[in-house]
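*Asks:* whatever this is, show me its structure:
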Amino acid sequence: MSKRTLKPCPFCGGHAEVTTSYEYEESYHAVCEDCKARSGWCRTPEDARKLWNMRPEIW
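*Replies:* This next block holds a predicted model:
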């Protein structure tokens, strides 16, 4: 698995993407496009991917 690839959503099996927020400071999280489950906020896109991918797959 590439370091840029996100695992399927552990809740619905859907596709996730890393998104960003610039509201207070630059931060990132992964969000499922189907059920809107998300990871916690991280300082880098790579950290958001790692956080999302360490969740167990159930699908």
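*Asks:* now residue 20, nearest residue through space, not along the chain?
*Replies:* Once flanking residues are discounted, residue 20 sits nearest to residue 28: 5.1 Å by C-beta to C-beta, 6 or more residues apart in numbering. No exception for glycine: its C-beta is placed from N, CA and C like everyone else's.
*Asks:* now the helices for this structure?
*Replies:* All helices of the chain, identified by DSSP state H, fall at 45-53.
*Asks:* center of it - which residue?
*Replies:* Closest to where the C-alpha atoms of the chain average out (C-alpha atoms, centre = their mean) is residue 30, at 2.1 Å.
*Asks:* counting neighbours, what do you get for residue 5?
*Replies:* 9 (other C-beta atoms under 10 Å).
*Asks:* coming back round to it: for the residue nearest to residue 20, give the beta-bridge partners.
*Replies:* Beta-bridge partners of residue 28, counted by DSSP bridges, are residue 20, residue 42.
*Asks:* OK, contacts around it?
*Replies:* The contact partners of residue 28, taken as C-beta atoms under 8 Å, 6 or more residues apart in numbering, are 18, 19, 20, 21, 41, 42, 43, 44, 45, 47, 48.
*Asks:* do you know the pLDDT at the closest residue to the fifth one other than its chain neighbours?
*Replies:* Spelled out, it's residue 41. Spatial nearest neighbour of residue 41, chain neighbours left out: residue 27 (4.5 Å); criterion: C-beta to C-beta, 6+ apart. Predicted confidence (pLDDT) for residue 27: 94.
*Asks:* and residue 27, what is it in contact with?
*Replies:* 20, 21, 41, 42, 43.
*Asks:* and what of residue 42?
*Replies:* Residue 42 neighbours (C-beta under 8 Å, 6+ apart): 27, 28, 29, 48, 51.
*Asks:* nice, that's everything, thank you.
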